[in-house]
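A.B. asks: Got a predicted model here, sequence first, then my questions.
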Amino acid sequence: MSTLEDFRRETRAWLEANCPASMRTGMPDGELVWGGRTVEFKTEDQRLWFERMRDKGWFCPDWPAEYGGGGLTPEQNAVLESELRRLRCRPPQINLGIWMLGPVILEFGSEEQKRELLPPMARGEIRWCQGFSEPNAGSDLASLKTSAVDAGDHFVVNGTKIWTSYGDKSDWMYMLVRTNPDVPKQQGISLLVVDMSSPGIEARPIDLISGKSSFCQVFFDNVKVPKRQLIGPLNGGWTLAKALLQHERRAMSKFGEFSLPTHFDLLSIAGTYLPAQAASSPADVALRQRAYAMAMDEMAYSLTAQRMGEEARARRNVSGLMSIMKLVHSEQEKDKFEVLVDVLGHRALGWEGDAFEPQELALTKAWLGSFAQTIAGGSSEVQLNVIAKRVLELPEGNSGKQGK
Ligand SMILES: Cc1cc2nc3c(=O)[nH]c(=O)nc-3n(C[C@H](O)[C@H](O)[C@H](O)COP(=O)(O)OP(=O)(O)OC[C@H]3O[C@@H](n4cnc5c(N)ncnc54)[C@H](O)[C@@H]3O)c2cc1C
């Protein structure tokens, strides 16, 4: 029987032989690969890396092999993660299904649902979007109104979802619906999975200030959803939603590590744009100090993230820590871009044109985009409420709302 050290050796050798060199660099802007029916690759290496990891079952290494996963033990999974980090391998694909819905189906789905839904997810064949938020149900998610009415062998869904990232590009949606309007709000919600090509669904893109938008508003007009696509018990969706949001928080703090453009290295940009020490004004010195303080915070975050990974692998409860990490990471990223914009000064005022370097134009857009991360997956204010209640066990405030 092979030991963990054998597994590490084999894994290292396999990754070195199979992860193309160009997939071992930071993630350039716009080079994320999204799985799905119409998966797109910008380079041949992206395709190779995707296909090799898929065939190995390593899109979801710790899922059982019978559902398309890699069947690794938690300890082997930890070794794989550390070897991927060591080689700086890019994620071969991004897939909300694998990160958020898959673990919920593994925990709450029926055997039939596991066999039907998990293997295509594990091969990256379906691109998933999340239909949780509605125009009047964001932080106060349980107020959602999109209804699913029992019609025999199927539900009929009516209503609208908003801020659905990539709603227009996704194959399937997992969504929360109201299945009983006559009980306290958390008790009348169910979780459905829906094929986005079903008749009656329309995804309308929404523009954003950063110039790049993944957002859609999705409309449901008498959409038929077979009953076998209900995950978990009827009206029991709130429990599943809370579990899913825990996975989302972990994914969000992880996602930020490689989704934000990595070529914005704080200290090297400060070195380029701020005058040499001797010529520094007091304002430049103060700016340099902010940049160093920020870089130290980033390092502290990264060490804490490693610690959280180790605690999770030791099966300690890290759910409170996940909210803290999500809060800290998104706020830190926002602060980092604030510092960078100050370091660039007027060079950060460009939107397009030859007068600015491509990196300067990209940085301005990334700065505007950084605000979104403090809202996505539950806003910072709501994370603070969650931390106050669940981690610090403080008494409830006046809002009385259960946040996203
Ligand atoms: C980049 C991005 C991607 C997203 N992707 C998706 C997606 O794919 N699917 C999806 O369903 N949703 C998605 N969302 C929506 C996101 O989940 C919501 O925007 C978020 O939950 C906040 O809801 P809201 O926008 O309705 O703001 P509101 O809930 O109206 O909040 C407005 C302000 O009030 C504050 N606030 C609200 N309630 C409280 C309270 N109780 N205590 C203190 N402050 C409070 C909030 O923090 C915020 O500052 C995405 C959002 C972003 C930014």
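C.D. replies: Done, it's in.
A.B. asks: quick one, strands of the chain?
C.D. replies: Secondary structure of the chain (DSSP state E): strands located at 128-131, 147-150, 154-161, 172-178, 189-195, 201-205, 216-226, 230-231.
A.B. asks: got the angle between the fourth one and strand 154-161?
C.D. replies: By that I understand strand 172-178. If you take axes from the mean of the first three to the mean of the last three Cα atoms, to 10 degrees, strand 172-178 sits at 90 degrees to strand 154-161.
A.B. asks: now for strand 172-178, which elements pack on it?
C.D. replies: Under the contact definition 3 or more Cβ pairs under 8 Å, 6 or more residues apart in numbering; DSSP states H and E, strand 172-178 sits against strand 128-131, strand 147-150, strand 154-161, strand 189-195, helix 237-259. Where C-beta positions appear, they are placed from N, C-alpha and C, glycine not excepted.
A.B. asks: Retrieve the pLDDT associated with residue 253.
C.D. replies: At residue 253, the predicted lDDT confidence score is 59.
A.B. asks: what about the stretch 201-350 of the chain, any weak spots by pLDDT?
C.D. replies: 210, 252-263 (pLDDT under 70).
A.B. asks: switch to 90 and redo it
C.D. replies: The stretch 201-350 of the chain contains residues with pLDDT under 90 at 207-214, 246-268, 271-272, 274-285, 298-299, 301-326, 329.
A.B. asks: what's the answer for the stretch 51-200 of the chain, then?
C.D. replies: Across the stretch 51-200 of the chain (using pLDDT under 90), the flagged ranges come out as 74-75, 78, 81-82, 85-86, 88.
A.B. asks: Which positions in it make contact with the ligand?
C.D. replies: 129, 130, 131, 132, 133, 138, 139, 163, 164, 165 (Cβ under 6 Å from any ligand atom).
A.B. asks: ok, now with 5 Å
C.D. replies: Contact residues (Cβ under 5 Å from any ligand atom) of the stretch 51-200 of the chain with the ligand: 130, 132, 133, 138, 139, 163, 164, 165.
A.B. asks: I'd say the fifth one and residue 377 touch.
C.D. replies: No: the pair formed by residue 139 and residue 377 falls short of the contact definition of Cβ atoms under 8 Å, at 11.4 Å.
A.B. asks: Tell me which of the two has more neighbours.
C.D. replies: residue 377 (22 against 17; other Cβ atoms under 10 Å).
A.B. asks: measure the more buried one to the ligand for me?
C.D. replies: Going from residue 377 to the ligand by Cβ to the nearest ligand atom, to the nearest Å gives 6 Å.
A.B. asks: and the gap between residue 302 and residue 329?
C.D. replies: In this view, residue 302 and residue 329 are 10 Å apart by Cβ to Cβ, to the nearest Å.
A.B. asks: higher neighbour count, those two?
C.D. replies: Using other Cβ under 10 Å, the more surrounded residue of residue 302 and residue 329 is residue 329, with 25 against 12.
A.B. asks: Name the nearest residue to residue 160, sequence neighbours excluded.
C.D. replies: residue 219 (5.1 Å; Cβ to Cβ, 6 or more residues apart in numbering).
A.B. asks: Near the one you found, how many other residues are there?
C.D. replies: Residues near residue 219, counting by other Cβ under 10 Å: 17.
A.B. asks: what's the domain layout of the chain?
C.D. replies: If you go by the TED database, the domain ranges for the chain are 3-94, 128-237, 262-391.
A.B. asks: for those, which one ends up most surrounded?
C.D. replies: The highest mean neighbour count among those, using mean count of other Cβ atoms under 10 Å, belongs to domain 128-237: a mean of 18.
A.B. asks: and the end-to-end length of it?
C.D. replies: End-to-end distance for domain 128-237: 18 Å, by Cα to Cα, to the nearest Å.
A.B. asks: quick check, distance from that domain to the centre of its chain.
C.D. replies: Relative to the chain's own centre, domain 128-237 is displaced by 18 Å; criterion: Cα atoms, centre = their mean, to the nearest Å.
A.B. asks: same thing with stretch 84-104?
C.D. replies: For stretch 84-104, the distance to the chain centre is 9 Å (Cα atoms, centre = their mean).
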